[in-house]
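[1] sequence and predicted structure are below.
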Amino acid sequence: MSAEAFGAKLLAQVHEESLASLLSDLRALQNPKPRSNTGLPELDNIVEAYRYPTTSTSAVPTEGTSSDLNIPSEDDFDLHHEDNYDNTSPSRGLRGKVTNSNPLIINISHGPHSSTAASTNLFYHLIALTTLSRQHGGKHNTAIYIDCTNSFSAMQLYKATISCTRTATTDNLPPSIPHAAAAKEALNHVHVLRCTSTYSLLSQLQELPAYLLEPSAHRSFDRSVGLLVVDGINHFYWQDRSDAEIARLEGVNISGLAASSIPLSAQILSELKKMQETYECTIIYTTIATTPPVTSTTIPGTGSRADGTSPTPAPAPNESAIMDFYTRNALVNLHPTKVGVSQFAPTMSLEECLSDKDARAEAASMTRYWVGASAGGLSNNQGESGTGQNRRGFTMQIAKDGVIGFG
């Protein structure tokens, strides 16, 4: 055998992969079943139940769902439809082994007219638990909040963080660190990014790793990324639809970016999965079913336009396909529902109503939500999939300063 042939044979036996892939495989070998650690036991228990079910199910995953972590390529997509994205091909790990890692991605679904107060307060509570020091009941990590709805409130987050320090175990707290100082220090490690379009959201996610690895850019370089929140991941649906229609009619690329055969929603999800794989952080995003924008003025009580013509119903959008895409590619889907205070029974006497007055006033002073859970497309427990079967969940009580209790 010649030296050239022998060298070619040796090179053929060399396995080449990136450093990130190698480190990911090593983590998978050392910890094949990473546990959820959001700091909220009620949520962690739900995530673990869907991530590692104790009983095996014989259900066959439907098309477009998988329990594997993949970065999609252009061959995985149709040119126009997000729901044609298929992530069922297994990812290859060290020496060609298949790695069965489920990305810890949680989706919170909201209806077109439902309040987002539950998800917002849950976000603030989880951010506080992530960024507070361990002495104050936190995880001493970094949190990233991507605000697509322009609804982030630093003051409300500050109040929620103080509330967490007061309810945490304070037996070993040094007296030199008051609650307010601990909350302000925690806020230094919350990175808020505002987006004005879907392209802006994708750009922020693509530039995020470089920002996190720059020591001079922030004060959280010595902390791990524990939580990434995207508030309103499909918030710009109508703006994107309008831009696409104008581009189709006028042949103009409004975004100014090079056209891609991969849908934006698939690119965004790909970046989120890269973040979860690299930093092993919890990713939570919200999907909101929005109503069509009003395009004409109607006369109140008549159902007619000011010009006398009948209003034309807005065409049915393909928004459900995008929402289904994000729902299908989550591990767990949460569905918050407000729990009302029951009314006085008709048979109650005046004395009974007066005796129940204080308890009813206390219940009315706070808002109570039931957060139901259902399996997403990445869950191994497909037997409980579907938004109509919220078999798991927890209650959440919210006051003016944030979340005050779970159950």
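    Received it, and whenever you're ready, just let me know what you need.
[2] which helix or which strand is home to the residue nearest to residue 344 when sequence neighbours are not counted?
    The shortest distance from residue 344 to any non-neighbouring residue, by C-beta to C-beta, 6 or more residues apart in numbering, is to residue 353 (5.5 Å). For every residue, glycine as well, the C-beta is placed using N, CA and C. Secondary structure from DSSP states H and E places residue 353 in helix 350-355.
[3] ok, and what's touching that helix?
    With contact meaning C-beta atoms under 8 Å, 6 or more residues apart in numbering, helix 350-355 is reached by residue 344.
[4] so, low pLDDT: which residues of the stretch 251-400 of the chain?
    Across the stretch 251-400 of the chain, residues meeting the criterion (pLDDT under 70) sit at 251-261, 290-321, 360, 362-365, 378-391.
[5] please enumerate the strands of it.
    For the stretch 251-400 of the chain, the strands defined by DSSP state E, counting those that start in this stretch occupy 282-288, 332-339, 367-375, 392-399.
[6] most packed of the ones you listed?
    Highest mean neighbour count of the strands of the stretch 251-400 of the chain: strand 282-288, a mean of 24 (counted as mean count of other C-beta atoms under 10 Å).
[7] what are the contacting residues of that strand?
    The contact list for strand 282-288 (C-beta under 8 Å, 6+ apart) reads 36-38, 103-110, 112, 116, 119, 123, 126, 149, 226-235, 272, 275-276, 323, 326-327, 330.
[8] hmm, try it at 7 Å
    With C-beta atoms under 7 Å, 6 or more residues apart in numbering as the test, strand 282-288 has contacts from 38, 104-110, 116, 119, 226-235, 272, 275-276, 323, 326-327.
[9] quick one: buried residues of stretch 238-251?
    In terms of neighbour count (16 or more other C-beta atoms under 10 Å), stretch 238-251 has its buried residues at 240, 243.
[10] ok, now which ones touch residue 215?
    If you count contacts by C-beta under 7 Å, 6+ apart, residue 215 has them with residue 221.
[11] look up phi and psi at residue 220.
    Note on residue 220: its backbone torsions stand at phi -110, psi 20 [degrees, to the nearest 10].
[12] pLDDT score for residue 211?
    In this model, residue 211 is scored at 92, pLDDT.
[13] what kind of secondary structure is it in?
    helix (DSSP: H, G, I helix; E, B strand; the rest coil).
[14] for it, give its distance to residue 285.
    19 Å (C-beta to C-beta, to the nearest Å).
[15] name the nearest residue to residue 279, ignoring sequence neighbours.
    What sits nearest to residue 279 in space, not counting adjacent residues and going by C-beta to C-beta, 6+ apart, is residue 225, at 4.1 Å.
[16] I'd say the one you found and residue 277 touch.
    No - at 11.9 Å, residue 225 does not count as touching residue 277 under the criterion of C-beta atoms under 7 Å.
[17] I'd like the distance between residue 142 and residue 219.
    In this view, residue 142 and residue 219 are 9 Å apart by C-beta to C-beta.
[18] just want to know which of the two has more residues nearby.
    Legend: neighbour count by other C-beta atoms under 10 Å for residue 142 and residue 219, higher for residue 142 (26 against 12).
[19] low-scoring stretches of the stretch 1-150 of the chain, by residue?
    Low-confidence segments of the stretch 1-150 of the chain (pLDDT under 70): 24, 27-28, 30-34, 36, 54-101, 112-113.
[20] which stretches in it count as strands?
    Going by DSSP E, counting those that start in this stretch, the stretch 1-150 of the chain shows strands at 105-110, 142-147.
[21] now those in a markdown table, with distance to residue 369?
    Output for those, formatted as a markdown table (distance: least, C-beta to C-beta, whole Å):
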| stretch | distance to residue 369 |
| --- | --- |
| strand 105-110 | 11 |
| strand 142-147 | 20 |
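[22] so for residue 48, which of those strands sits nearest?
    Closest approach to residue 48 among the strands of the stretch 1-150 of the chain (C-beta to C-beta): strand 105-110, 12.4 Å.
[23] in the sheet, which strands lie alongside the closest one, parallel or antiparallel?
    If you go by DSSP bridges, strand 105-110 pairs up with strand 282-288 (parallel), strand 332-339 (parallel).
[24] with distance to residue 44 added, can I get those strands in TSV?
    Below are the strands paired with strand 105-110 laid out as TSV (distance: least, C-beta to C-beta, whole Å):
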stretch	distance to residue 44
strand 282-288	10
strand 332-339	11
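[25] and residue 392, which of the ones you listed is closest to it?
    Residue 392 lies closest to strand 332-339 among those, at 8.8 Å (C-beta to C-beta).
[26] what residues does that closest one touch?
    Residues outside strand 332-339 that contact it (C-beta under 7 Å, 6+ apart): 46-47, 50, 106-109, 115, 118-119, 327, 367-376, 379, 387, 390.
[27] run the last query once more with 6 Å
    Strand 332-339 is contacted by residues 47, 50, 106-109, 118, 327, 368-374, 376, 390 when judged by C-beta atoms under 6 Å, 6 or more residues apart in numbering.
[28] so that strand versus strand 367-375, what angle?
    Counting by axes from the mean of the first three to the mean of the last three C-alpha atoms, to 10 degrees, strand 332-339 points 150 degrees away from the direction of strand 367-375.
[29] how much does strand 332-339 deviate in direction from strand 392-399?
    Taking the same axes, to 10 degrees, one finds strand 332-339 and strand 392-399 inclined to each other by 50 degrees.
[30] in the stretch 251-400 of the chain, which spans are helices?
    Secondary structure of the stretch 251-400 of the chain (DSSP state H, counting those that start in this stretch): helices located at 264-279, 319-328, 350-355, 357-364.
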